[in-house]
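Engineer: Need the 3D shape of this:
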Amino acid sequence: MQKIPYGIKKIASMCVLKHKNQFLLLKRANEPNRGKYVPVGGKSEPHESPYQTVLRETFEETGIQLGKAKFCGILTETSPVKYNWISYIYLAEIPYQPAPFCDEGILEWITIEDLLKVPTPPTDWWIYKYILAGKSFVFSADYDADLNMLWMVDDLMGIKVA
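Structural biologist: Numbering: from 1, shown residues only. Alright, predicted model coming up:
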């Protein structure tokens, strides 16, 4: 695997898996975001499109073969340390199934009402809010060296959201 130079943004694709009023989220076992609930996904491989990445990563982490995924938006995260990402965010409506095994953490169905009760990265509240409202987004978030979010901007609207 090719090593990415320090500070260069890595590209990832994430998939919010939804069934009715529930999201299938990953409680991460590893950093970044250990112990927090996040959508499934991961880094793009060389010569792979963001869409190909989301299909592959979803299958690798859940065993779910998506027929399709809807592009929702982009999240760019910048910090003075190694945490620098451009993430393509997708949504897939799936039939209910028991949460499958995942070697990256524990997959759990979380109701939309319970999203505020589980730990998530601060950017993700905004992603879920926009997805549930059917709004596209381009978010930029800046972090300090301890990975505390300093601010987040909705680049499409030109407004600070957090």
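
Engineer: low-scoring pLDDT stretches of the protein, where are they?
Structural biologist: The chain contains residues with pLDDT under 70 at 1-5.

Engineer: Tell me where it has helices.
Structural biologist: Ranges of helices within the chain are 50-62, 122-133, based on DSSP state H.

Engineer: Give me the contact list for the shortest one.
Structural biologist: For helix 122-133, the external contacting residues (Cβ atoms under 8 Å, 6 or more residues apart in numbering) are 16, 23, 37-39, 72-73, 75, 77, 89, 91, 112, 115-116, 136-137, 139, 141, 149, 152, 154, 161-162. (C-beta placed from N, C-alpha, C; glycine too.)

Engineer: Single out the most deeply packed of the helices of the chain.
Structural biologist: Neighbour counts (mean count of other Cβ atoms under 10 Å) averaged over each of these peak at helix 50-62, with a mean of 20.

Engineer: contacts for that one?
Structural biologist: 11-15, 17, 24, 26, 40-45, 48, 64-66, 69, 71, 88, 90, 92, 100, 102, 104, 107.

Engineer: Recalculate using a threshold of 6 Å.
Structural biologist: 13, 15, 40-42, 44, 64-66, 69, 88, 90, 100, 102, 104 (Cβ atoms under 6 Å, 6 or more residues apart in numbering).

Engineer: Same check on stretch 147-162?
Structural biologist: Tyr83, Pro122, Trp126, Val138, Phe139, Ser140, Ala141, Asp142, Tyr143, Asp144.

Engineer: Just the buried residues of those.
Structural biologist: Tyr83, Trp126, Phe139, Ser140, Ala141, Tyr143 (16 or more other Cβ atoms under 10 Å).

Engineer: farthest pair in those residues?
Structural biologist: For the buried ones among the contacts of stretch 147-162, the farthest-apart pair by Cβ to Cβ is Tyr83 and Trp126; their separation is 17.6 Å.

Engineer: Please pick the buried ones from the contacts of helix 122-133.
Structural biologist: 16, 23, 37-39, 72-73, 75, 77, 89, 91, 115, 137, 139, 141, 152, 154, 161.

Engineer: Only whichever of the contacts of helix 50-62 are buried, select them in PyMOL.
Structural biologist: To isolate the buried ones among the contacts of helix 50-62 in PyMOL, judged by 16+ other Cβ under 10 Å, type:
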select buried, resi 13+15+40+41+42+44+64+66+69+88+90+102+104
